[in-house]
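**Student:** below is the sequence, then the predicted model.
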Amino acid sequence: MFVALIVSWIVFTILVKIVKTTVSTAMTIAAIVVLLQISYGVTPQDIWNQIIHLPQSLSQIQGGK
């Protein structure tokens with residue numbers, strides 16, 4: 001019983017840390033997107049298009065050398 005309680009506490013602590021990290025990362029990304037949109041007029045769709053085309057751009061850069 002006592003061992004199960006300790007294991008449960010460890011798992012709970014790990015999950016709380018994971019959720020904190022996830023929320024922190026999501027907030028950071030959201031802040032960056034909002035700042036880009038306000039200051040440069042970059043839309044989330046523009047950012048998504050760049051992410052989609054990133055492997056193609058990297059292969060062109062690597063192939064060009």
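**Tutor:** On my side now, so go ahead. Numbers count the residues shown, from 1 in each chain.
**Student:** how many neighbours does residue 41 have?
**Tutor:** 8 (other CB atoms under 10 Å). Just so you know, the C-beta spots here come from the backbone N, C-alpha and C atoms, and that holds for glycine as well.
**Student:** can you pull the phi/psi pair for it?
**Tutor:** phi 70, psi 20 (degrees, to the nearest 10).
**Student:** burial of residue 36, as a residue count?
**Tutor:** Residue 36 has 15 neighbours, counted by other CB under 10 Å.
**Student:** against residue 11, how distant is the closest residue to it other than its chain neighbours?
**Tutor:** If the residues on either side of it in the chain are set aside, residue 36 comes closest to residue 42, at 4.2 Å by CB to CB, 6 or more residues apart in numbering. Between residue 42 and residue 11 the computed distance is 40 Å (CB to CB, to the nearest Å).
**Student:** circling back to that earlier point, separation between the residue nearest to residue 36 and residue 30?
**Tutor:** According to CB to CB, residue 42 and residue 30 sit 14 Å apart.
**Student:** more neighbours: these two, which one.
**Tutor:** Taking neighbours as other CB under 10 Å, residue 42 and residue 30 compare with residue 42 leading, 14 against 11.
**Student:** if we can go back for a sec, pLDDT score assigned to the residue nearest to residue 36?
**Tutor:** Looking at residue 42, its pLDDT stands at 91.
**Student:** try residue 64
**Tutor:** 64.
**Student:** so where's this structure shaky on pLDDT?
**Tutor:** Along the chain, the parts satisfying pLDDT under 70 run over 64-65.
**Student:** if anything else comes up later, I'll come back, but that's it for now.
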